[in-house]
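K.L.:
Provided below for reference: sequence and predicted model.
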Amino acid sequence: MAFFTRQLCRHFSSSAVRNVVIKNVTIIGGGQMGAGIAQVAATTGHSVTLVDTSDDILKTAVKGIEGSLKRVVKKKFADKPEAGEEFIQKVLRNVSTSTDSGSAAQRSDLVLEAIVENLKIKQDIFHQLDKVAPEHTIFASNTSSLPITDIASTTSRLDRFGGLHFFNPVPMMKLVEVVATSATSKETFDSLLNFSKVLGKTPVSCKDSPGFIVNRLLVPYLVEAVRLHERGHGSKEDVDIAMKLGAGHPMGPFELADYVGLDTIKFIIDGWSAKDPSNPLFAPIEMLNKLVAEGKLGKKTGEGFYKYKRLIK
Ligand SMILES: CC(=O)CC(=O)SCCNC(=O)CCNC(=O)[C@H](O)C(C)(C)COP(=O)(O)OP(=O)(O)OC[C@H]1O[C@@H](n2cnc3c(N)ncnc32)[C@H](O)[C@@H]1OP(=O)(O)O
Ligand SMILES: NC(=O)C1=CN([C@@H]2O[C@H](COP(=O)(O)OP(=O)(O)OC[C@H]3O[C@@H](n4cnc5c(N)ncnc54)[C@H](O)[C@@H]3O)[C@@H](O)[C@H]2O)C=CC1
């Protein structure tokens, strides 16, 4: 009987979070991805709190959102610059910033994390937020490669935890991978799926397997291009041209690796290598390791495989 009552309570507690309509969103991490997700969520009428570790970083993030919105309105409001400016201001009013993730989470239907690709740091954040976020709040991670199950393991809301994996640049890329663990409830999964659609994205459903769909195929390809170049079988420029003109890719692999961030690529490959050291796809890549050690992380730092004019994210 006690078992039955426990099951009943569980049923009621999960039905309490049924059909969460996501309106208030906290995004932890105001880097390339967090700022992009904040922009898209704010554009679609959500109330967004963007959280990072300092006000300076948050100021840069909001400037980046404004810059990206300007690119969007340039075409959309080509003949009506005033309406374009009004649109930008309206979207920006939906974005607030904070360095206090706890108080932001207290007002949220969804807490979406987009911080550095490090399991321990992600686990610590969610462990803290789990204590203060409302019962109904869904937690999600934008991780590129870490198991959602492992990130969720420091919380007590395994049924309200999933993966929501966006692509860079978020305002342009239409895909979202929605990831369910074995503990994610159907209600949570449906809420995340619906949220992705409301953002104007096309969701695909993924298992909690390494790299989900896109990165499991894309990241080995990116590092294989570096290995090919290391073997002296093609210059970076020629490899990039070849993949753009010969395979129809919008960016070559060196351009794309710089765009994603070489630190992120290295975190992904090192993480997979630690779990599956004999897999040659995940073997260390000397050139990548050297660039990351030198702080040349790609477009975001002004240099990676190529040099860039320093840009606001
Ligand atoms: C690592 C992970 O976990 C997962 C990942 O994200 S993997 C990376 C996935 N991303 C990709 O593969 C990106 C591949 N690249 C591309 O699709 C394209 O190069 C691109 C969309 C980034 C840029 O397109 P492009 O034609 O090369 O350059 P560009 O002319 O500057 O931009 C095209 C349009 O996009 C817009 N745009 C590009 N970036 C933008 C941004 N951040 N915000 C707003 N608009 C943007 C431009 O304003 C331009 O708009 P118009 O055509 O209306 O003028
Ligand atoms: N770069 C890419 O193309 C993609 C990255 N991702 C994933 O998204 C996540 C973020 O990646 P990026 O935005 O590229 O990284 P980034 O380096 O541009 O930004 C990370 C941000 O998180 C902040 N941060 C770090 N620790 C924090 C903490 N404890 N609290 C609050 N903020 C904190 C940093 O200050 C920084 O602004 C990673 O998990 C990455 O794997 C997913 C899809 C694409």
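P.N.:
Sure thing, it's come through. Numbering: from 1, shown residues only. Ligands and ions are numbered 1, 2, ... in the order given.
K.L.:
When you work out contacts or count neighbours from here on, use the C-alpha atoms and nothing else.
P.N.:
Noted.
K.L.:
Next, count neighbours for Asp79.
P.N.:
By other Cα atoms under 10 Å, 10 other residues sit near Asp79.
K.L.:
Roughly how far does it sit from Val73?
P.N.:
Separation of Asp79 from Val73 (Cα to Cα, to the nearest Å): 10 Å.
K.L.:
Same question for Lys59.
P.N.:
For Lys59, the distance to Val73 - Cα to Cα - is 21 Å.
K.L.:
Which one's more surrounded, those two?
P.N.:
Neighbour count, other Cα under 10 Å: between Lys59 and Val73, Val73 has more, with 17 against 13.
K.L.:
Now the element after the host helix or strand of that one, going C-ward?
P.N.:
Element membership of Val73, judged by DSSP states H and E, is helix 55-76. Using DSSP H and E, the helix or strand that follows helix 55-76 towards the C-terminus is helix 81-93.
K.L.:
buried ones in that next one?
P.N.:
Gly84, Glu85, Phe87, Ile88, Val91, Leu92 (16 or more other Cα atoms under 10 Å).
K.L.:
how close does the closest residue to the third one other than its chain neighbours sit to ligand 1?
P.N.:
To tie it back to what came earlier, the one meant is Phe87. Nearest non-adjacent residue to Phe87, counting by Cα to Cα, 6 or more residues apart in numbering: Val73, 8.0 Å away. Note on Val73: its distance to ligand 1, by Cα to the nearest ligand atom, to the nearest Å, is 9 Å.
K.L.:
Spit out the contact partners of Val73.
P.N.:
Taking Cα atoms under 8 Å, 6 or more residues apart in numbering, we find Val73 in contact with Gly84, Phe87, Ile88.
K.L.:
again, only this time at 10 Å
P.N.:
Taking Cα atoms under 10 Å, 6 or more residues apart in numbering, we find Val73 in contact with Lys80, Pro81, Ala83, Gly84, Glu85, Phe87, Ile88.
K.L.:
Ser144 now?
P.N.:
With Cα under 10 Å, 6+ apart, Ser144 has these contacts: 114, 117, 163-167, 210-212, 214-216, 219, 264-265, 267-268.
K.L.:
Keep only those residues that also lie close to ligand 1.
P.N.:
The overlap between the contacts of Ser144 and the neighbours of ligand 1 (Cα under 6 Å from any ligand atom) comes to Phe167.
K.L.:
For the closest residue to Arg216 other than its chain neighbours, give me the pLDDT.
P.N.:
Distance criterion Cα to Cα, 6+ apart; nearest residue to Arg216, sequence neighbours excluded, is Pro210 at 6.6 Å. As predicted, Pro210 sits at a pLDDT of 94.
K.L.:
and if you look at Val20?
P.N.:
Value for Val20, per-residue pLDDT: 83.
K.L.:
In contact with the residue nearest to Thr97 when sequence neighbours are not counted, which residues?
P.N.:
Leaving out its chain neighbours, the residue that sits closest to Thr97 by Cα to Cα, 6+ apart is Leu50, at 4.7 Å. Neighbour list for Leu50: 25-30, 34-35, 37-39, 58, 61-62, 95-101, 104, 112 [criterion: Cα under 10 Å, 6+ apart].
K.L.:
how much space between the residue of the stretch 101-250 of the chain found nearest ligand 1 and ligand 2?
P.N.:
Scanning the stretch 101-250 of the chain for the residue nearest ligand 1 gives Phe167, at 3.4 Å (criterion: Cα to the nearest ligand atom). Separation of Phe167 from ligand 2 (Cα to the nearest ligand atom) stands at 5 Å.
K.L.:
what secondary structure does that residue sit in?
P.N.:
What DSSP: H, G, I helix; E, B strand; the rest coil gives for Phe167 is coil.
K.L.:
remind me which residues of the stretch 201-313 of the chain are low pLDDT?
P.N.:
Across the stretch 201-313 of the chain, the ranges flagged by pLDDT under 70 are 310-313.
K.L.:
Write out the residues of it neighbouring ligand 1.
P.N.:
Pro250, Met251, Val260.
K.L.:
Geometrically speaking, which residue is the centre of this structure?
P.N.:
The chain has Asn142 as the residue nearest its centroid, 3.5 Å off, counting by Cα atoms, centre = their mean.
K.L.:
Identify the bridge partners of the residue nearest to that residue when sequence neighbours are not counted.
P.N.:
Closest residue in space to Asn142, ignoring its immediate chain neighbours: His165 at 4.5 Å, by Cα to Cα, 6+ apart. Following DSSP bridges, His165 is listed with bridge partners Glu177.
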